[in-house]
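Visitor: pasting a predicted model and its sequence here:
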Amino acid sequence: MTKERLYLFDTTLRDGAQTSGIDFSVTEKVVIAELLDRLGVDYVEGGYPGANPTDTEFFSEKRTQKATFTAFGMTKRAGRSASNDPGLQQVLAASSDACCFVAKAWDYHVDVALGCTNEENLESIEDTVKSAVAAGKEAMIDCEHFFDGFKANPDYALACARTAYQAGARWVVLCDTNGGTLPDEVKAIVAKVREVVPGDHLGIHTHDDTGHAVANALAAVDAGVRQIQGTLNGIGERCGNANLITLIPTLMLKQPYADQLELSIAPAQLAEITQISNAFDEILNRSPNRHAPYVGASAFATKAGIHASAILKEPQTYEHVPPESVGNRRRVLVSDQAGKSNLLGELARLGITVEKSDPRLDRLLAEVKQKEADGYAYEAADASFELLARRTLGEVPRFFDVSSFRVMVERRFNAVGDLITISEAVVKVEIDGETRMSVAEGNGPVNALDMALRKDLGKYQTAIDGLELIDYKVRILNGGTGAVTRVLIESQDTRTHRRWFTIGVSSNIVDASFQALVDSINYTLLKANPA
Ligand SMILES: CC(=O)SCCNC(=O)CCNC(=O)[C@H](O)C(C)(C)COP(=O)(O)OP(=O)(O)OC[C@H]1O[C@@H](n2cnc3c(N)ncnc32)[C@H](O)[C@@H]1OP(=O)(O)O
Ligand SMILES: CC(=O)C(=O)O
């Protein structure tokens, strides 16, 4: 069967820039355009030249190597010609291959927002498209509020689409601007539009206000449109746009799309999509959504023991696609929901082979479940789990023992009369029968304890030289006087760049922190394998 070409249009840098809390610099836009080229989309809409200095500078040169570089703008204002509309001329003059103009397609908006007649709006659409084509650009029209407009006045909405197409628009894009349309409506309305514009000239632009942006885009494809607009990780105005990071794997891996449609993206590029999604979140300075379809850290994570048991026998039992196809990986988590299969899976990842019948596995499982009941959460603390597992299997040497620690926090006025808070810690450790006592000050009690603990570890000192605490999280597990505190510490070895998490639980926050610190040092020593 010959596949039909489906085009991917990315509007991360335009509609995505309309997301509250997101502001791109020119440098960030350049990096994101490179990311999109790497992903392999057909169109990159870079912004609105003339609307602000960032977008104007961004369009001072072409920013994509492969994708069609697209400038956004609005149709000419009524009452003047396209050549006499400075805003439109700035869009046409930008360094772009294509121009995408937003046009009103709902007569109510023509009246209320534009304040012109329906005929004047059609004339604006026609004149704008013709000007773009005359300027050598691939022309597109985003029919704003198309679905609401169609429901209010189908003849006028269709007239807008037809006018754009007949004037020479390569794509007539149907926009669910307010995001309130549902998939069945999208399908039915697209079928009507195809009577005036062929499907291979129709695009779909959806918003996620009912959580249906992706479903609506797919419904439009089912009805015959051949261009999808969306964004990286679904950013966009209000609740966001259709998420291309979800749509691309669905279109490439699921039926009937995989058999019927051809995309610009190769399987090798699909295998980079998890990394691209994470890299984009890194640029936005936000944590990736662990539960994102296909690319989230939990997308192929299995917590339940019954599932883990089957997955270890045959991954397809609980995976809808192979994680590697989207550059993700399988995770078998250890928690209070686990069975021995979860442990075996995680131990195998750590390079530890144990028979399922080994009684030490029962002991480890019982200990994990008891500790989880006490407040530990091993799925978030990989290093503490590895230490616990290896200790149960008898593989961790006793590097040092802590005989005592003390922390003092003092608030007082210093010599020049400033109010200061000082934290000081004293830690005593035993190494090979010898006691070592260290004192350190820190900017808080945990920092002081950390400093004192690793000030003098004798023969192990060089092994922990690169150890650095990079994040510290506290969670109170139940309120009131019986509160239990869970501390999670993220550490890294600056020499190897390896990162890990350790955990401590206690009714005392300093004690919980100390447990996590001691685990982190033991883990460093375990990995350094000192004599
Ligand atoms: C659905 C969407 O997401 S469309 C994309 C929306 N994106 C943006 O608006 C971001 C960039 N926008 C901007 O920076 C500014 O709005 C600008 C530079 C475009 C225009 O700024 P201003 O000239 O100050 O106008 P302002 O923003 O107040 O109002 C928009 C004007 O465009 C007109 N307009 C809106 N859509 C269209 C259209 N499709 N065709 C022609 N005119 C339009 C409005 O009627 C209004 O005109 P008015 O000033 O005569 O009332
Ligand atoms: C054009 C656009 O972003 C919209 O109608 O939602």
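Guide: Nice, I can see it. Ligands and ions are numbered 1, 2, ... in the order given.
Visitor: longest single helix anywhere in this structure?
Guide: The longest helix of the chain (DSSP state H) is helix 509-528.
Visitor: residues of that one that come out buried?
Guide: 509-510, 512-526, 528 (16 or more other Cβ atoms under 10 Å). All C-beta spots, glycine's among them, are computed from the backbone N, C-alpha and C.
Visitor: and it, what does it pack onto?
Guide: helix 382-392, strand 401-413, helix 445-453, strand 467-476, strand 485-493, strand 499-506 (3 or more Cβ pairs under 8 Å, 6 or more residues apart in numbering; DSSP states H and E).
Visitor: nearest to Pro359, of those?
Guide: helix 382-392 (10.5 Å; Cβ to Cβ).
Visitor: neighbours of Asp184, how many?
Guide: Asp184: 10 surrounding residues under other Cβ atoms under 10 Å.
Visitor: again, but for Thr502
Guide: Neighbours around Thr502, by other Cβ under 10 Å: 26.
Visitor: and the gap between it and Val354?
Guide: 23 Å (Cβ to Cβ, to the nearest Å).
Visitor: Arg194 now?
Guide: Taking Cβ to Cβ, one finds Arg194 at 61 Å from Val354.
Visitor: including mean pLDDT and distance to ligand 2, could the helices and strands packed on helix 509-528 go into a markdown table?
Guide: Below are the helices and strands packed on helix 509-528 laid out as a markdown table (pLDDT from 0 to 100; distance: least, Cβ to the nearest ligand atom, whole Å):
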| stretch | mean pLDDT | distance to ligand 2 |
| --- | --- | --- |
| helix 382-392 | 95 | 42 |
| strand 401-413 | 95 | 54 |
| helix 445-453 | 96 | 48 |
| strand 467-476 | 92 | 37 |
| strand 485-493 | 94 | 39 |
| strand 499-506 | 96 | 39 |
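Visitor: okay, those in CSV with distance to Ala308 next?
Guide: As requested, the helices and strands packed on helix 509-528 are exported to CSV (distance: least, Cβ to Cβ, whole Å):
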stretch, distance to Ala308
helix 382-392, 15
strand 401-413, 35
helix 445-453, 35
strand 467-476, 25
strand 485-493, 23
strand 499-506, 21
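Visitor: can you say which of these is nearest to Ile125?
Guide: Here strand 467-476 is closest among the helices and strands packed on helix 509-528 (Cβ to Cβ), at 52.8 Å.
Visitor: how big is the angle separating the closest one from strand 485-493?
Guide: Going by axes from the mean of the first three to the mean of the last three Cα atoms, to 10 degrees, strand 467-476 is angled at 160 degrees with respect to strand 485-493.
Visitor: what's in contact with stretch 181-192?
Guide: Defining contact as Cβ atoms under 8 Å, 6 or more residues apart in numbering, one finds that stretch 181-192 is touched by 146-148, 150-151, 154, 158, 174, 176, 202, 204, 206, 210, 212, 215-216, 218-220, 222-225.
Visitor: in which helix or strand does Cys99 reside?
Guide: strand 98-104 (DSSP states H and E).
Visitor: does that strand reach ligand 2?
Guide: Yes: judged by Cβ under 6 Å from any ligand atom, strand 98-104 comes into contact with ligand 2 at Val102.
Visitor: so what does that strand touch, helix or strand wise?
Guide: Against strand 98-104 (3+ Cβ pairs under 8 Å, 6+ apart) you get strand 68-74, helix 86-93, helix 118-134, strand 138-144, helix 154-167, strand 171-176.
Visitor: what's the angle from that strand to strand 138-144?
Guide: Using the same axes, to 10 degrees, strand 98-104 lies at 30 degrees relative to strand 138-144.
Visitor: can I get strand 98-104 in CSV, CA atoms only?
Guide: Below are the C-alpha coordinates for strand 98-104, written out as CSV (Å, rounded to 0.1, in the frame of the first residue of the first chain):
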residue,chain,number,x,y,z
ALA,A,98,7.1,30.2,4.5
CYS,A,99,4.5,32.5,6.1
CYS,A,100,1.6,31.4,8.2
PHE,A,101,-1.1,34.0,8.7
VAL,A,102,-3.9,33.9,11.3
ALA,A,103,-7.2,34.8,9.8
LYS,A,104,-10.6,35.1,11.4
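Visitor: now the element after it, going C-ward?
Guide: That would be, after strand 98-104 and using DSSP H and E, helix 107-109.
Visitor: that following helix: how far from the chain's middle?
Guide: Centroid separation between helix 107-109 and its chain, computed with Cα atoms, centre = their mean, to the nearest Å, is 36 Å.
Visitor: any residue of that helix touching ligand 2?
Guide: No: counting by Cβ under 6 Å from any ligand atom, ligand 2 has no neighbours in helix 107-109; the shortest distance is 10.5 Å.
Visitor: who's in contact with that helix?
Guide: Counting by Cβ under 8 Å, 6+ apart, Asn118, Glu144, His145, Gly149, Ala152, Asn153, Tyr156 sit against helix 107-109.
Visitor: which ones are touching Gly224?
Guide: Contacts of Gly224 by Cβ under 8 Å, 6+ apart are Val190, Ala191, Arg194, Gly199, Leu202.
Visitor: only whichever of those are buried, select them in ChimeraX.
Guide: Buried members of these, defined by 16+ other Cβ under 10 Å, are picked up in ChimeraX with:
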select :190,199,202
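Visitor: what subset of the contacts of Gly224 is also close to ligand 2?
Guide: Answer for the contacts of Gly224 near ligand 2: none qualify (Cβ under 6 Å from any ligand atom).
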